[in-house]
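# sharing a model prediction with you, sequence too.
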Amino acid sequence: MELTTAALLAASGLAAGLVNAIAGGGTFFTFSALVAAGLPPVVANATSAVAVTPANLSSAWAYRRELAANARRFAALGVVSLIGGLGGAYILTITNEASFSKIVPWLILFATVLFAASPRIVGLARRIGKSEGPHPSTRAWVVGLAFQLCVAIYGGFFGAGMGIVMLAALAITEGDDFHLINSAKHLCSTVIQLVAVVVFVAKGIVSWPETIIVGFASIAGGYIGVVFGRRLPINVIRWLVIAVGAALTLIFFMPARA
């Protein structure tokens with residue numbers, strides 16, 4: 001591997017860890033860098049998922065007290081996330097490179113739009129949750145779980161923008177308690193990522209040299225995000241991710257138009 005390629009991968013991991021710790025969207029950086037490094041899109045997607053998992057696990061560990069206190073409450077969400085993540089990861093493994101390459105620009109465009117509209121999406125879901133009172137009705141709970149299943153399938157398959165949609169789903173089932181929603185989000189994200197990683201490794205579609213470089217850099221980025229992230233306005237980070245997503249959308253659409 002050339003030094004410039006290694007530097008590109010390390011920079012993408014650092015950026016991914018930083019933005020994931022603050023606002024989410026790190027997949028934009030790692031996936032695009034892995035494709036630029038020469039990996040086929042499906043392998044790049046699987047490698048990206050494996051590489052950023054350790055950094056994301058550390059975020060979930062930070063919420064261990066909330067997760068332990070709400071273990072029964074989150075059980076159904078965990079099961080749904082596991083099933084959806086497994087399904088999405090399996091779909092990726094049976095998708096050929098040519099087909100996946102064609103839908104990548106649309107996936108990135110979809111995730112970018114999600115980031116841009118995230119305040120309205122989450123705000124709408126919270127208003128729905130509030131209208132149900134302090135405890136969501138059975139109908140709201142079922143709708144929220146079905147929503148979460150769809151999010152988990154998408155997360156196991158691609159993942160960029162997953163956290164935004166998940167916040168909306170959890171706002172329906174968990175109400176307006178930020179810490180409750182955030183802890184549930186980390187639990188569900190971790191379950192989806194772990195089951196997807198198991199599938200990707202078992203299917204042998206992970207490139208390990210790139211995984212190691214991106215993985216260690218993302219851990220460092222996650223630490224930097226936790227330490228210094230509070231000094232940065234979250235809107236600045238969010239719009240940076242949106243700008244990167246928009247640029248990548250154009251870049252990935254270009255071959256299709258050529």
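In hand now; what should we look at? Just so it is clear, the structure is predicted and the values come from calculations on it, not from any experiment.

# which stretches of this protein have low pLDDT?
The chain contains residues with pLDDT under 70 at 22-24, 59, 62, 118, 121-140, 173-179, 225-234, 237-238, 255-258.

# ok, residue 204 - how many residues close by?
9 (other C-beta atoms under 10 Å). In this view, the C-beta of every residue, glycine as well, is placed from N, C-alpha and C.

# er, residue 18 actually
So residue 18, with other C-beta under 10 Å, has 26 neighbours.

# is it correct that it is in contact with residue 223?
No: in this structure, residue 18 is not within contact of residue 223 by C-beta atoms under 8 Å, at 9.0 Å.

# distance of residue 141 relative to residue 73?
11 Å (C-beta to C-beta, to the nearest Å).

# these two: which is more packed in?
Counted by other C-beta under 10 Å, residue 141 and residue 73 do not tie: residue 141 has more neighbours, with 16 against 13.

# for the more buried one, what is the enclosing helix or strand?
If you go by DSSP states H and E, residue 141 is part of helix 138-157.

# list the buried residues in that helix.
For helix 138-157, burial by neighbour count (16 or more other C-beta atoms under 10 Å) applies to 140-141, 143-145, 147-149, 151-157.

# next structured bit after that helix?
helix 162-174.

# angle of that next one against helix 138-157?
160 degrees (axes from the mean of the first three to the mean of the last three C-alpha atoms, to 10 degrees).

# using CSV, write out every CA atom in helix 162-174.
What follows is helix 162-174, C-alpha atoms only, in CSV (Å, rounded to 0.1, in the frame of the first residue of the first chain):
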residue,chain,number,x,y,z
MET,A,162,-28.9,5.7,9.9
GLY,A,163,-28.6,7.6,13.2
ILE,A,164,-30.9,10.5,12.0
VAL,A,165,-33.7,8.2,11.0
MET,A,166,-33.2,6.2,14.2
LEU,A,167,-33.6,9.2,16.4
ALA,A,168,-37.0,9.8,14.7
ALA,A,169,-38.1,6.2,15.2
LEU,A,170,-37.0,6.3,18.9
ALA,A,171,-38.7,9.7,19.5
ILE,A,172,-42.0,7.9,18.7
THR,A,173,-41.4,5.0,21.1
GLU,A,174,-39.4,6.7,23.8
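
# distance from it to the middle of the chain?
Distance of helix 162-174 from its chain centroid, counting by C-alpha atoms, centre = their mean, to the nearest Å, is 13 Å.
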